[in-house]
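Trainee: need a 3D model of the sequence below.
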Amino acid sequence: MKTRDPVCGMVINSDEAAGTLEHAGKTYFFCSNHCLAEFRDEPDKYLTQHSRTPTSQQPAALYTCPMHPEIERDQPGNCPICGMALEPKMVTAEPADDTELRDMTRRFWIGAVLTLPVFIVAMAHLIPAWSHAEWVTGEVSRWGQFILSTPVVLWAGWPFFVRGWCSLVNRSLNMFTLIALGVGAAYAFSAVAMFFPQAFPAAAGHAGKPAIYFEAAAVITVLVLLGQVLELRARQRTSGAIKSLLGLAPKTARRVTPTGDEDVPLDAVHPGDLLRVRPGEKIPVDGEVVEGRTSVDESMLTGEPLPVEKTVGAKVSGGTVNTTGSIVMKAQRVGSETMLAQIVNLVAQAQRSRAPIQALADKVAGWFVPAVLAIAALTFVAWYFFGPEPRLAYAITNAVAVLIIACPCALGLATPMSVMVGVGRGAQMGVLIRNAEAIENLAKLDTLAVDKTGTLTDGKPKLAQWLPVGGFDEKELLRLTASLEQGSEHPLAHAVVVAAQERQLPLEAAKDFQSTTAGGVAGTVAGRRILIGKPDFLRENGVADIAALETLAAPHQAEGATAIFVAIDGRAAGVMTVADPVKSTTPQALAELRELGVNILMLTGDNPRTAEAVARKLGIADFQAGVTPHDKHEKVKSLKAAGRIVGMVGDGINDAPALAAADVGIAMGTGTDIAMESAGVTLVKGDLRGIVRAIRLGRAMMRNIRQNLFFAFIYNALGVPVAAGVLYPLFGVLLSPIIAGAAMSLSSVSVIGNALRLRRARL
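Mentor: Prediction:
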């Protein structure tokens, strides 16, 4: 039977070379060209959930507006709300598309060159020696200003008119509405004055000719262009941390084949491929060590400088550096499935999200623009009817100044700039923030619910002690016990075997191996009958003196350890204690969390005795044991209902409901994918100290956002009344449109500079 791939039409073959694999006793079929995976059990049964999707099948790149992240398009263009150029939503290692930056830079420099002589001529009358010179007041001067400023306004400033028009058409008034109105009013007034001077009353000081404000329109255009160039450059810098992470991935991999090693492009690596990594080289993709021993520098992911020991069976991540030994690894996750790619995806999502505080800025901007337009109209009317001569000139000048200085561009940048910089900083420290809402909740966090196993503890049972009785030797007790436990799949048995292997004890094959559910195991090792399990299991098999073993185990069980009872040749031989040790960094992390004013609550499915021992050791007064996933979820909901801002930390599938229900879910990067998908924050290393950094980062980001909003509002609050002329009756002070444009740009620069300070914040 021949079955064809529904995408590319290639035949699905049934031989291994063309595309089958065995897993968990089942055969999986897939296109030999890897168009789609997988075909399970039968070649003609297509599974919609696939894992090998070719580049051509990947979703089209999405573009979004930096000011309106809810806008998404599958191709470049302009935002339908504000008219700004859309940017790629995903950060990639490829060189950034700097088309808009280059375009704005070109417009700025050409505009600046043309504006400089216009500005000099227009301002020359302020110098007494030049105030009556022909080249300052003559027709040649006036027409020269018109000729030079026209391309500045109508070409260099054209994008602002387009965006302003879009804002009117879409009924979404924004900063470009004010820029277009302000610059357009100054230029149109001056152009009409040039071509139809008879329509205006004689203007004093200009030889009977109406005043012109080409220099205001041109200079304001150039200043706004400068602000755009600075913003675009800053936006590129904010993604620099993510691009540096992406750049850590190697471009090629060394694949092991029957005919020898071969270098292949990274996108040619597939799951299951064997890859050789030599000392000093970067790990190409995520996988597992199958041969060799080495140390790997994982500081790219965790921020920790010390290399991590890697042996057969250890997991390695793409982009990390192999420092000492040569290894062969099996590729497991490639392309967009690697840890590095997931980090980039999480960060990109977070950078485009909007914090709840942004709703305040958006609401203010919604009424701010109409209010400014109303103030500008009142300014025009007041100066036209009550101002000194030339009234029309004063009315136009001051109305234009109000429109320009009130431009809310800094208001629009206040939140997204801080989010972009802060999320990038967090990624560098191993704290991945999925969305901006998590940032605000981190800053307000007052209660933290934590899982025990894998969160407070290592999550890997280890043999703590083995205590022989009746004259049995310690090493012999461990050797015989581990030899029998080799046949068991129980996690506690694995801990015993690992302990014996670490001590290089010679293990022997067991005979007559028997396993009793909820009891223990029995078998013969080196001619000796071994029983391992619970006290009742040993009693049922005729072993005496079990009470002495129970007395020996009691103090260790009180500390949360699990006891394994051992009998050899029908005699009580000893007790093995297995414990899940508390992570070495956990006490420090909990102490720092308490200093931050966060209450700690432990929720665990473990037994009450073990939970109490761990809680006592860590000083956790509030804990609940034996809870189910539903219980955790309900506890989080009840805390939220009580007015708490709740964080939940976990690493397993059982924690996922509580992670999703919490105000901010925090997943350990060492845990399951479901946990990480349910959480707003992921700690790459699985170290609770990362939560401390996350909270400090969240608080620093919220302070930064509030500072940015202050910068945005203070310029408007102080500048608009001055631009309207409230100081003129008392002090004769007016705000030139040129100075208004400079103040508007300065507010944006202040916001950008303040946001970039987050890159140096101490966490």
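Trainee: need the longest strand for the chain.
Mentor: strand 571-579 (DSSP state E).
Trainee: and the next helix or strand past it?
Mentor: helix 586-595 (DSSP states H and E).
Trainee: what pairs with the next helix or strand after that following helix, and is each one parallel or antiparallel?
Mentor: Using DSSP H and E, the helix or strand that directly follows helix 586-595 along the chain is strand 599-603. Taking DSSP bridges as the criterion, strand 599-603 forms sheet pairs with strand 447-450 (parallel), strand 622-624 (parallel).
Trainee: any idea how far residue 648 is from residue 105?
Mentor: The gap separating residue 648 from residue 105 is 47 Å, by Cβ to Cβ, to the nearest Å. For glycine as for every other residue, the C-beta is placed from the backbone atoms N, C-alpha and C.
Trainee: and residue 701, by the same measure?
Mentor: Counting by Cβ to Cβ, the gap from residue 701 to residue 105 is 30 Å.
Trainee: I'd say residue 291 and residue 328 touch.
Mentor: Yes: with contact defined as Cβ atoms under 8 Å, residue 291 and residue 328 form a contacting pair (3.9 Å).
Trainee: who's more crowded, these two?
Mentor: residue 328 (17 against 13; other Cβ atoms under 10 Å).
Trainee: does the more buried one really touch residue 290, like I thought?
Mentor: Yes: between residue 328 and residue 290 there is a contact under Cβ under 8 Å: 5.5 Å.
Trainee: overlap in contacts, these two.
Mentor: Common contacts of residue 328 and residue 290, defined by Cβ atoms under 8 Å, 6 or more residues apart in numbering, comprise residue 274.
Trainee: hmm, back to that, looking at residue 701 and residue 105, which has the bigger crowd around it?
Mentor: Between residue 701 and residue 105, counted using other Cβ under 10 Å, the more crowded position is residue 701 (28 against 17).
Trainee: pull the contacting residues for the more buried one.
Mentor: 418, 419, 422, 439, 443, 758.
Trainee: again, only using 10 Å
Mentor: Residue 701 sits next to 355, 415, 418-419, 421-423, 425-426, 433, 436, 439-440, 442-443, 755, 758, 761 when contact means Cβ atoms under 10 Å, 6 or more residues apart in numbering.
Trainee: same question, residue 618
Mentor: Contacts of residue 618 (Cβ under 10 Å, 6+ apart): 450, 452, 456, 457, 582, 586, 587, 589, 590, 591, 600, 602.
Trainee: give me phi/psi at residue 508?
Mentor: When quoted as degrees, to the nearest 10, the phi and psi of residue 508 stand at phi -120, psi 160.
Trainee: against residue 595, how distant is it?
Mentor: 53 Å.
Trainee: cool, residue 391 as well?
Mentor: From residue 391 across to residue 595, the span is 64 Å (Cβ to Cβ).
Trainee: what about these two, which has more around it?
Mentor: Taking neighbours as other Cβ under 10 Å, residue 391 and residue 595 compare with residue 391 leading, 15 against 9.
Trainee: can you pull the pLDDT of the more buried one?
Mentor: We have a pLDDT of 80 for residue 391.
Trainee: the closest residue to it other than its chain neighbours: neighbour count?
Mentor: Leaving aside its sequence neighbours, residue 391 sits nearest to residue 384 (Cβ to Cβ, 6 or more residues apart in numbering; 5.2 Å). For residue 384, the count of nearby residues is 16 (other Cβ under 10 Å).
Trainee: so after the helix or strand harbouring residue 384, what's the next helix or strand?
Mentor: Assigned by DSSP H and E, residue 384 falls within helix 357-386. Moving toward the C-terminus from helix 357-386, the next helix or strand (DSSP H and E) is helix 391-405.
Trainee: could you pull out the buried residues of that next one?
Mentor: 392-405 (16 or more other Cβ atoms under 10 Å).
Trainee: hey, which helix or strand in this protein has the poorest pLDDT?
Mentor: helix 16-19 (a mean of 37; mean pLDDT, DSSP states H and E).
Trainee: quick one, helices of the stretch 51-200 of the chain?
Mentor: Residue ranges of the helices in the stretch 51-200 of the chain, as given by DSSP state H, counting those that start in this stretch, are 99-123, 134-137, 139-151, 158-169, 175-195.
Trainee: how many neighbours does the residue lying closest to residue 71 once chain neighbours are set aside have?
Mentor: If the residues on either side of it in the chain are set aside, residue 71 comes closest to residue 65, at 4.4 Å by Cβ to Cβ, 6+ apart. The number of residues packed near residue 65 is 22, by other Cβ under 10 Å.
Trainee: residue 65 and residue 166 touch, don't they?
Mentor: No: between residue 65 and residue 166 there is no contact under Cβ atoms under 10 Å: 11.0 Å.
Trainee: on that earlier part again, from the buried residues of helix 391-405, which single one is nearest residue 217?
Mentor: residue 400 (8.4 Å; Cβ to Cβ).
Trainee: hey, C-alpha coordinates of stretch 429-436 in CSV?
Mentor: C-alpha atoms of stretch 429-436 as CSV (Å, rounded to 0.1, in the frame of the first residue of the first chain):
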residue,chain,number,x,y,z
MET,A,429,19.1,36.8,34.4
GLY,A,430,17.1,33.6,33.7
VAL,A,431,13.7,35.2,34.5
LEU,A,432,11.3,34.8,31.6
ILE,A,433,8.2,37.1,31.8
ARG,A,434,5.4,36.1,29.5
ASN,A,435,3.2,39.2,29.7
ALA,A,436,3.2,42.7,31.1
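Trainee: that one: how far from the chain's middle?
Mentor: 4 Å (Cα atoms, centre = their mean, to the nearest Å).
Trainee: please renumber so the chain begins at 34
Mentor: Sure, I'll start counting at 34 from here, so that last one is stretch 462-469.
Trainee: any idea of the mean pLDDT for that stretch?
Mentor: 78.
Trainee: before we move on, what about stretch 105-113?
Mentor: 72.
Trainee: and that stretch, what's buried?
Mentor: Neighbour-count burial for stretch 105-113 [16+ other Cβ under 10 Å]: 106, 111, 112.
Trainee: without its sequence neighbours, what residue ends up closest to the first one?
Mentor: If you skip the residues right next to it in sequence, residue 106 has residue 96 as its closest partner in space, 4.9 Å away by Cβ to Cβ, 6+ apart.
Trainee: the one you found: how many residues sit nearby?
Mentor: 20.
Trainee: quickly list what it is bridged to.
Mentor: residue 106, residue 121.
Trainee: how about the lengthiest helix in the chain: buried residues?
Mentor: Longest helix in the chain by number of residues (criterion: DSSP state H): helix 722-757. Within helix 722-757, the residues scored as buried using 16+ other Cβ under 10 Å are 722-735, 737-738, 740-742, 744-746, 748-749, 752-757.
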